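Asks: whatever this is, show me its structure:
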Amino acid sequence: ISVCNQETATMDPSNQKHFAVLDYVIFAFLLAASMVIGLYYALSGGRQRTTQEFLMADRSMHYLPVSLSLIASFQSAVAIIGIPAEIYTHGTQYWFFGCAYILGLLLPAHIFIPVLYRLRLSSAYPYLELRFNKAVRVCGTLIFMFQMVG
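Replies: Have a look, this model is predicted:
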């Protein structure tokens, strides 16, 4: 089959997959389970009274849940859905991004995170204000926002 025939075959609406009844049941179960977990922790009594308890779990959590939380917040839902489709469509050259992420995360993990932990800061933005001034913090925030929007 030529490339043109493959492209028209994949764009054919009759090739699209649809949810079956079991898919809807599983999807509804996952949504309900997520809602129940959220409501339980919201209504179970004020375990998190301060910002420090909310953001940092009062520094009482072990490394595994903290690591999993960081991974979950680092990966967006769009990336989780889009990366497999990207690899399926264009091949495995996308793995180079994964290698770059691993290398790019080693430096912050071993240099920046320990500094922020010792200073009891929850992000790099308060550090920018401590180290320099508020203008540098605002500039760093704006650069990050433009990067994420871009």
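
Asks: when you work out contacts or count neighbours from here on, use the C-alpha atoms and nothing else.
Replies: Noted.

Asks: near Thr141, how many other residues are there?
Replies: 15 (other C-alpha atoms under 10 Å).

Asks: same deal with Val138?
Replies: 14.

Asks: using neighbour counts, pick out the buried residues of the helix or strand harbouring it.
Replies: Using DSSP states H and E, Val138 falls within helix 134-149. Neighbour-count burial for helix 134-149, counted by 16 or more other C-alpha atoms under 10 Å, picks out Arg137.

Asks: quick one: average pLDDT of the longest helix seen in the chain?
Replies: Taking DSSP state H as the criterion, the chain has its longest helix at helix 21-43. Averaging pLDDT along helix 21-43 yields 90.

Asks: try stretch 73-91
Replies: For stretch 73-91, mean pLDDT is 80.

Asks: where do the helices sit along this protein?
Replies: Applying DSSP H to the chain gives helices spanning 3-10, 21-43, 51-56, 63-74, 77-90, 95-107, 113-118, 124-131, 134-149.

Asks: just to revisit the earlier point, I'd like to know which elements the helix holding Val138 is packed against.
Replies: Secondary-structure packing of helix 134-149 (3 or more C-alpha pairs under 8 Å, 6 or more residues apart in numbering; DSSP states H and E): helix 124-131.

Asks: quick one: the helix it packs on to helix 134-149, angle?
Replies: Comparing the axes of helix 124-131 and helix 134-149 via axes from the mean of the first three to the mean of the last three C-alpha atoms, to 10 degrees yields an angle of 160 degrees.

Asks: helix 124-131: which residues count as buried?
Replies: If you call a residue buried by 16+ other C-alpha under 10 Å, then helix 124-131 has these buried ones: Ala124, Tyr125, Pro126, Tyr127, Leu128.

Asks: state the number of residues packed around Thr89.
Replies: As a burial measure, Thr89 scores 9 neighbours (other C-alpha under 10 Å).

Asks: again, but for the one 4 residues further on
Replies: Taking other C-alpha under 10 Å as the criterion, the count of residues near Gln93 is 10.

Asks: what residues are up against it?
Replies: Ile87 (C-alpha atoms under 8 Å, 6 or more residues apart in numbering).

Asks: since that was my last question, I'll sign off now.
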